[in-house]
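Asker: Provided below are the primary sequence and the corresponding predicted coordinates.
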Amino acid sequence: MFNAFGSKKQPEKKPLVQEVNLQDTNDRVNPIIIKLGNSISDTKVKLDAVNKELKVALETYKNSKGNSKNSAKLRCVNLMKKKKMYESHVGTLESTQFNVESVHMQTQMMRDNINIV
C-alpha cells in the first residue's frame, strides 16, 4: 500500500487488549463445566467396575494353584494398573473442573463489579 507520495502507509495497529464480552465467556464456560462433570462421573463408573473386577480377580488368585496362580496374578496386576490410571484421570478432570469453575466465578465477580460501578 502506497500513499500519494510513494511511501508506504503505516499499518493499522490492533489494540493490545480485546474487549471481553462476559456473557459470551459465560456461555462458553458453562458447557465445559457440564461436560467435565459428565466425564468425571463416567470415569468413576468405570473405576467402580474395575474395583469389582479386581475383587473377583483377588479371590481367584487366593484360590488358585500352579500356573493358574501366575495368570491370576498377572490379571490382578493389570487391573491395578488400570485402576491407578482411572484414579489419576479422575484427579486430572477434577482439577480441570476446579480451574474452569474458578474462572467462571471470577467472571461473575467481574460482571458484578461492572454493574456496581
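Answerer: Ah, there it is.
Asker: which parts of the chain are helices?
Answerer: Using DSSP state H, the helices of the chain run over 22-63, 67-116.
Asker: remind me what the longest one packs against, helices and strands.
Answerer: In other words, helix 67-116. helix 22-63 (3 or more CB pairs under 8 Å, 6 or more residues apart in numbering; DSSP states H and E). (Each C-beta comes from the backbone N, C-alpha and C, glycine too.)
Asker: so which elements touch the helix it packs on?
Answerer: helix 67-116.
Asker: relative to helix 22-63, how tilted is the helix it packs on?
Answerer: Taking axes from the mean of the first three to the mean of the last three CA atoms, to 10 degrees, one finds helix 67-116 and helix 22-63 inclined to each other by 160 degrees.
Asker: now for Glu53: which residues touch it?
Answerer: Counting by CB atoms under 8 Å, 6 or more residues apart in numbering, Glu53 touches Leu79.
Asker: and if we set it to 10 Å?
Answerer: Contact analysis of Glu53 by CB atoms under 10 Å, 6 or more residues apart in numbering lists Arg75, Cys76, Asn78, Leu79, Lys82, Lys83.
Asker: from the residues you listed, keep the buried residues only.
Answerer: Arg75, Cys76, Leu79, Lys82, Lys83 (16 or more other CB atoms under 10 Å).
Asker: who's in contact with the second one?
Answerer: I take that to be Cys76. With CB under 10 Å, 6+ apart, Cys76 has these contacts: Glu53, Leu54, Val56, Ala57, Leu58, Thr60, Tyr61.
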